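In: how would this look folded up:
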Amino acid sequence: MAYEVAAPKYVRLAQTLQARIEDGTYPPGTRVPSENQLVQTFGMSRPTVVRALELLKRDGWLESRQGYGTIVRGQREAVEQKDRRGREALERDESQAAGRLVEVGEVPVPPRMASLLGVPKRGKVLVRRLLIEDEGEPVELASSYFPASLADGTDLAGPAPIQGGLREHLESRRRVRFDHVTERVSARLATKEEGDLLGMAAGDPLLSVLVVAFDASGQALQVTDVLLPADRQELEDTYRLS
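Out: Sure, this is the predicted structure:
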């Protein structure tokens, strides 16, 4: 017997709000209801509402304007200017994220990360592992790896959440410049540790979005492995044909 697993609450709310944008309930250029109004209307918690709005902003449906609130951009902008998950992984503010750091420190470099970061196979890398939750339910595990030498003079090795995002922190502290990103999506089975963190059984399927951020010379500065329980995800993209 097959079972369907419902999407997280914030995803369902984002889908509802997107449908209202598409049907004209929230026309382009207008403000969407406030967080308080959305909490009352849909009976969901503020963190769920905030995460749904962040998802719609990431996908280009909404934007924040200083002193005016959250504005509807509309479908054209969503299609043409949609941000990618890699940008979210690089720019996520750990101090504001709906989740917690579960690991920070130097670890033996995983074989796949060694080649990407140019680290000797028996070397070490710094890892920051962030577990994202939605009303207590784990929905994403993002593990960011850095060459250990790159952490000198930064707060990356510290246990406190990084404010403003990992990219901003590195660019300001080390005077490096992130230039471009590659994303690789694959599927694999969860390890016991990953399953324990994500509320899954070892061997359950995962989607892995491997985000590699480079400087202009092609040197990898950061690799983030974003793990998503496969039975809670649906990937969709829209693009124009020229």
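
In: quick check: domain ranges of this structure?
Out: 9-82, 86-232 (automatic domain parsing).

In: List the contacts of residue 51.
Out: 10, 98, 134 (Cβ atoms under 8 Å, 6 or more residues apart in numbering). For the C-beta atoms, the positions are set from N, CA and C on the backbone; glycine is no exception.

In: Would you write a PyMOL line that selects the buried entries of the residues you listed?
Out: Listed next is the PyMOL selection for buried residues among the contacts of residue 51, using 16 or more other Cβ atoms under 10 Å:
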select buried, resi 10+98+134
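
In: Let me know the closest of the contacts of residue 51 to residue 179.
Out: Nearest to residue 179 among the contacts of residue 51, counting by Cβ to Cβ, is residue 98 at 29.3 Å.

In: The closest one: what's it in contact with?
Out: Per Cβ under 8 Å, 6+ apart, neighbours of residue 98: 47, 50-51, 132-134.

In: let's see it at 7 Å
Out: Listed by Cβ atoms under 7 Å, 6 or more residues apart in numbering, the contact set of residue 98 reads 47, 51, 132-134.

In: For those, work out which two are farthest apart.
Out: Pairwise distances across those peak at 10.8 Å for 47 and 132 (criterion: Cβ to Cβ).

In: Looking at those two, which is more packed in?
Out: Using other Cβ atoms under 10 Å, the more surrounded residue of residue 47 and residue 132 is residue 132, with 20 against 16.

In: What's the first helix or strand after the helix or strand where residue 10 lies?
Out: Counting by DSSP states H and E, the element that carries residue 10 is helix 9-22. Moving toward the C-terminus from helix 9-22, the next helix or strand (DSSP H and E) is helix 35-42.
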